[in-house]
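Peer 1: No sequence on hand, only this structure:
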DNA sequence: CTAAAATAGTGTTTAATGTACACTATTTTA
DNA sequence: TAAAATAGTGTACATTAAACACTATTTTAG
């Protein structure tokens, strides 16, 4: 309930007791078939030199998701992509300066070498493979990262999240590779083929990609039915660590 | 990132531009085999006379979950029960007075006719069956309620949430009834018996309850292995509306 | 006192799905 | 030209889900 029925006076007084609200965005991408996450290196105290999840304060005239998209664009130049709210972190001592409540988001982007920018407030911006994160992580961001990865894993199984990481055209085995990357386990080729085809989410194209062995057919993610809605494609049933 | 490296002066100035943060708790219980949710009736503008999800501002020295538990106890006198973060709602116009960001929680309580209290700020507190909610719901709380119900439904299938609503001893068919209530569909008796027993979450007791027909055996939820952790009991696999 | 109603609980059959793995296909490379 | 590399298909078996018929034990109505 937003209601505590403050009068104008108690209301103004209480302003001095408000926590800050930030939006943090855990940005995933796939680089050379490996899942990566974007971190920025801090310039100042606290946690100077440590790596942190990009984010910042919300403006009074934007929604949480708008703020997340703005932050994402400021850091990577990317717009219009998959984003979902992860969790809100609000423990008392998580920022030594003041009480900070962070609404964390997950974003998935297709990798584009162009798009990194280093903002004024940070030394550096870098993609880290999730399998080998740096140890120097600021605040409680290690926990946020762990939670984000767990959520990603969990949602992968019953949503079409994975397609957000792929280019327009891709092969079925590439898609399988993403699943393996994120789930961190091997999947059976034949079963994957069968299942993904039965799901009816893919559109065959005439394009092929050549490589070392037999060329592979390229597919496209069907966007026709209910454009923005996420479809269900559950790869496996038996995971217990749903976020 | 909590970082925007304000100096002391910009920092103080920005305090006047902070949103308020509240914690709202959607409290579910089972009354006479029906799922109910707790709402409080507002006393003042805005939405005077409308029903709202209980909640309030967070204190600077308590975590979000602590705040949620405090609010819950203030409204119902209940402590020590299942609670999880639902979502954070932060659209710009959701409260006409000022910018309010609400971290919403779900709580499950065993019904106890004693425990309702009417706080100073509200006219009335009442349990509403989720199948027949009032139309007069304040703020965006209708949306929050809908989301909470969807999440409850979704998590029911792969967690042991349902046990939180039951008394210490219960029959298997009572448990089935809760599933039916929340999922809003009939389940097969035989299959339910088999599945719940195979899951190995229940402990048989010697207690029986008598009623009109054949007396029923009472069971207890096994708490032994990894006490607080939630076990997986997936009732069905084929739902697509995971929250 | 007995049959019917009410509720509890078990068993069985069939269909659907998941899993493992062997096989075929088409290209490049040595 | 054979081997290696990659792509893609097929099949058999095991596991699980779904439907539903059956048995069991009590109260209630006559």
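Peer 2: Arrived safely. Because the structure is predicted, anything quoted here is derived from the model rather than measured. Residues are numbered from 1 along each chain as shown, chains lettered A, B, ... in the order given.
Peer 1: After the longest strand belonging to chain A, which helix or strand is next?
Peer 2: In terms of residue count, the longest strand belonging to chain A (DSSP state E) is strand A:20-31. Moving toward the C-terminus from strand A:20-31, the next helix or strand (DSSP states H and E) is strand A:34-42.
Peer 1: low-confidence ranges in chain A?
Peer 2: Where chain A drops to pLDDT under 70, the residues are A:1-16, A:113-115, A:224-243.
Peer 1: Identify the bridge partners of the closest residue to residue A:165 other than its chain neighbours.
Peer 2: Once flanking residues are discounted, residue A:165 sits nearest to residue A:30: 4.5 Å by Cβ to Cβ, 6 or more residues apart in numbering or on different chains. Using the backbone N, CA and C atoms, a C-beta is placed for each residue, glycine as well. Beta-bridge partners for residue A:30, by DSSP bridges, are residue A:35.
Peer 1: At which residues are the strands of chain A located?
Peer 2: A:20-31, A:34-42, A:51-52, A:55-57, A:82-89, A:100-108, A:122-129, A:169-170, A:202-209, A:216-221.
Peer 1: Adding mean neighbour count, write those strands out as a markdown table.
Peer 2: Listed next are the strands of chain A as a markdown table, based on neighbours: other Cβ atoms under 10 Å in any protein chain shown:
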| stretch | mean neighbour count |
| --- | --- |
| strand A:20-31 | 23 |
| strand A:34-42 | 22 |
| strand A:51-52 | 24 |
| strand A:55-57 | 23 |
| strand A:82-89 | 20 |
| strand A:100-108 | 25 |
| strand A:122-129 | 16 |
| strand A:169-170 | 18 |
| strand A:202-209 | 12 |
| strand A:216-221 | 17 |
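Peer 1: What is the distance between stretch A:51-61 and the centre of its chain?
Peer 2: Averaging C-alpha positions (Cα atoms, centre = their mean, to the nearest Å) puts stretch A:51-61 15 Å from its chain's average.
Peer 1: Establish whether it and chain B are in contact.
Peer 2: Yes: interface with chain B: stretch A:51-61 contributes A:52, A:53, A:54, A:55, A:56, A:57, A:58, A:60, A:61 (Cβ under 8 Å from any Cβ of the partner chain).
Peer 1: just those now: which is nearest residue A:120?
Peer 2: Set against residue A:120, the nearest of the residues of stretch A:51-61 next to chain B by Cβ to Cβ is residue A:56 (11.6 Å).
Peer 1: on that earlier part again, how far does the longest strand of chain A sit from its chain's centre?
Peer 2: In terms of Cα atoms, centre = their mean, the centre of strand A:20-31 is found 6 Å from the chain centre.
Peer 1: Next, the angle strand A:34-42 makes with it.
Peer 2: 140 degrees (axes from the mean of the first three to the mean of the last three Cα atoms, to 10 degrees).
Peer 1: by contact count, what packs against strand A:20-31?
Peer 2: Helices and strands touching strand A:20-31, by 3 or more Cβ pairs under 8 Å, 6 or more residues apart in numbering or on different chains; DSSP states H and E, are strand A:34-42, strand A:55-57, helix A:64-76, strand A:100-108, strand A:122-129, helix A:141-156.
Peer 1: hang on, the earlier thing: so which of the strands of chain A is nearest residue B:103?
Peer 2: Comparing these by Cβ to Cβ, strand A:82-89 comes nearest, at 5.0 Å.
Peer 1: Stretch A:143-162: which residues count as buried?
Peer 2: Buried residues in stretch A:143-162, counting neighbours by 16 or more other Cβ atoms under 10 Å in any protein chain shown, are found at A:144-145, A:147-149, A:151-162.
Peer 1: check the residues you listed against DNA strand D, which are close?
Peer 2: Among the buried residues of stretch A:143-162, proximity to DNA strand D is found for none (Cβ under 7 Å from any atom of the strand).
Peer 1: Can you narrow the residues you listed down to the ones near chain B?
Peer 2: A:155, A:158, A:159.
Peer 1: what's the domain layout of chain A?
Peer 2: As assigned by automatic domain parsing, chain A contains the domains A:18-155, A:164-221.
Peer 1: Tell me the bridge partners for the closest residue to residue A:40 other than its chain neighbours.
Peer 2: Excluding the flanking residues, the one nearest residue A:40 by Cβ to Cβ, 6+ apart is residue A:122, at 4.1 Å. Note on residue A:122: beta-bridge partners by DSSP bridges are residue A:42.
Peer 1: wait, doesn't residue A:122 sit right on residue A:41?
Peer 2: Yes: the pair residue A:122 / residue A:41 is scored as a contact, 5.5 Å apart, by Cβ atoms under 8 Å.
Peer 1: residues touching the closest residue to residue A:54 other than its chain neighbours, list them.
Peer 2: Excluding the flanking residues, the one nearest residue A:54 by Cβ to Cβ, 6+ apart is residue A:75, at 4.3 Å. Applying Cβ atoms under 8 Å, 6 or more residues apart in numbering or on different chains to residue A:75 gives the contacts A:25, A:27, A:38, A:40, A:54, A:116, A:117, A:119, A:125.
Peer 1: want to throw those residues into CSV with distance to DNA strand D?
Peer 2: Listed next are the contacts of residue A:75 as CSV, based on distance: Cβ to the nearest atom of the strand, whole Å:
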residue, distance to DNA strand D
A:25, 33
A:27, 28
A:38, 28
A:40, 35
A:54, 34
A:116, 29
A:117, 34
A:119, 39
A:125, 32
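Peer 1: just these now: which is nearest chain B?
Peer 2: Chain B lies nearest to residue A:54 out of these, by Cβ to the nearest Cβ, at 5.8 Å.
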